[in-house]
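**Student:** pasting the sequence and the predicted coordinates here, then a few questions.
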Amino acid sequence: MNIATAPIGLQAAADATDAIVAVRGVSKFYGAVEALRGIDLDFPRGQLTSLLGPSGCGKTTLLKIIAGLIRPDAGSITVDGRPVRAPGPERAFVFQDFALLPWATVERNVAFGLELRGMQRAERDRIARHYIGEVGLAGFEQKYPHELSGGMRQRVGLARALCVDADVLLLDEPFSAVDEQNRRKFQEDLIRLRATENKTFIFVTHSIEEAVYISDRIVLLSPRPGRVSRIIEPAIDRTGDPDAIRRDQGYLDTVEEIWQGLKQYVD
Ligand SMILES: Nc1ncnc2c1ncn2[C@@H]1O[C@H](COP(=O)(O)OP(=O)(O)O)[C@@H](O)[C@H]1O
Ligand SMILES: [Mg+2]
């Protein structure tokens with residue numbers, strides 16, 4: 001998608017139930033290790049879907065296959081009906097370990113994707129500053145990554161992904177290296193961004209609470225080889241006080257239900 005044109009998502013927002021990303025029969029081996037087996041999934045446009053499962057079940061592998069960073073051994077991915085063979089501008093990846101440029105300021109890091117596309121400096125800085133504000137980092141534009149906390153670095157990664165105006169945001173456990181307070185704040189921000197940005201989020205986590213707190217849909221993956229074991233759509237109203245969600249009966253019941261189902265796999 002050209003950054004100068006209207007986001008594709010805007011035109012299609014009327015039909016919120018159609019799938020923007022479709023995964024069909026995806027399997028992946030690393031040598032003799034079977035990471036994923038026969039994954040079929042649709043990701044509804046404009047929704048936040050979490051991939052939830054224990055460590056090693058293939059969550060990162062599936063996300064990287066959707067990103068086009070690795071190829072599956074079998075099966076296919078389409079985004080808006082087009083086959084995925086490589087990374088593309090309609091998908092942005094937020095890495096677990098931030099992947100920031102250490103020698104560049106926050107502003108330059110956030111604008112980096114736009115710089116690569118050849119956008120003029122004034123324009124890309126304007127867009128970058130907007131998203132730096134959106135993720136709560138106003139005032140930190142001229143800082144360097146080593147001057148920031150882990151939570152703030154992850155916000156830079158998120159702002160960078162928002163900046164390039166991709167339709168699909170792929171987030172791989174973005175809060176795992178962040179302390180509990182920042183993690184909660186960040187989850188609240190994500191709910192707000194989910195409501196205001198016209199984007200599709202695919203979010204990897206191993207936290208049941210986190211998945212239920214933020215997700216429209218939760219895809220439960222089985223332990224290795226990863227297979228889709230269940231899809232859960234928590235019935236939670238997220239339009240009010242974000243703290244009220246953690247006391248919501250639907251939230252509490254869904255957390256408990258998922259835990260009861262996963263318990264059998266814990267040794
Ligand atoms: N590059 C690799 N080479 C060999 N094995 C890998 C590689 N990447 C992942 N694996 C293995 O594949 C399985 C799934 O890994 P991963 O997708 O990272 O799971 P998750 O993100 O759910 O923790 C794990 O058993 C992991 O050890
Ligand atoms: Mg992982």
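**Tutor:** That came through fine. Ligands and ions are numbered 1, 2, ... in the order given.
**Student:** how many neighbours does the nearest residue to residue 259 once chain neighbours are set aside have?
**Tutor:** Distance criterion CB to CB, 6 or more residues apart in numbering; nearest residue to residue 259, sequence neighbours excluded, is residue 208 at 5.8 Å. In this view, the C-beta of every residue, glycine as well, is placed from N, C-alpha and C. When neighbours are defined as other CB atoms under 10 Å, residue 208 has 20 of them.
**Student:** can you give me the strands for this structure?
**Tutor:** Ranges of strands in the chain, per DSSP state E, are 19-30, 33-44, 48-52, 74-79, 82-83, 91-94, 168-172, 200-205, 217-221, 228-232.
**Student:** pick the most buried one from those strands.
**Tutor:** Most buried of the strands of the chain, by mean neighbour count (mean count of other CB atoms under 10 Å): strand 48-52, with a mean of 26.
**Student:** about what we covered before: would you list the strands of the chain in CSV and tack on mean pLDDT and distance to ligand 1?
**Tutor:** Below are the strands of the chain laid out as CSV (pLDDT from 0 to 100; distance: least, CB to the nearest ligand atom, whole Å):
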stretch, mean pLDDT, distance to ligand 1
strand 19-30, 97, 3
strand 33-44, 97, 4
strand 48-52, 97, 8
strand 74-79, 97, 15
strand 82-83, 96, 22
strand 91-94, 90, 14
strand 168-172, 94, 7
strand 200-205, 96, 7
strand 217-221, 96, 7
strand 228-232, 95, 13
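**Student:** can I get those in CSV including distance to residue 61?
**Tutor:** Shown next, in CSV, are the strands of the chain (distance: least, CB to CB, whole Å):
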stretch, distance to residue 61
strand 19-30, 6
strand 33-44, 5
strand 48-52, 10
strand 74-79, 12
strand 82-83, 19
strand 91-94, 13
strand 168-172, 10
strand 200-205, 10
strand 217-221, 10
strand 228-232, 14
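**Student:** any stretches of the chain with poor pLDDT?
**Tutor:** Within the chain, the segments meeting pLDDT under 70 span 1-17, 96-98, 267.
**Student:** from the centroid of the protein, which residue is nearest?
**Tutor:** Nearest to the mean C-alpha position of the chain, by CA atoms, centre = their mean, lies residue 171 at 2.9 Å.
**Student:** that one is in contact with residue 200, isn't it?
**Tutor:** No: using CB atoms under 8 Å as the test, residue 171 is too far from residue 200 to be in contact (11.4 Å).
**Student:** residues touching residue 162, list them.
**Tutor:** Contacts for residue 162 (CB atoms under 8 Å, 6 or more residues apart in numbering) come out as 92, 131, 134-135, 169, 193, 197, 199.
**Student:** and which of the residues you listed is nearest to ligand 1?
**Tutor:** residue 169 (17.3 Å; CB to the nearest ligand atom).
**Student:** and the closest one, bridged to which residues?
**Tutor:** residue 92, residue 201 (DSSP bridges).
**Student:** ok, it - contacts?
**Tutor:** Applying CB under 8 Å, 6+ apart, we find residue 169 in contact with 91-92, 94, 161-162, 199-202.
**Student:** measure the residue nearest to the centre of the chain to residue 49 for me?
**Tutor:** For residue 171, the distance to residue 49 equals 11 Å [CB to CB, to the nearest Å].
**Student:** quick check: neighbours shared by these two?
**Tutor:** Shared contacts of residue 171 and residue 49, defined by CB under 8 Å, 6+ apart, comprise 201-203.
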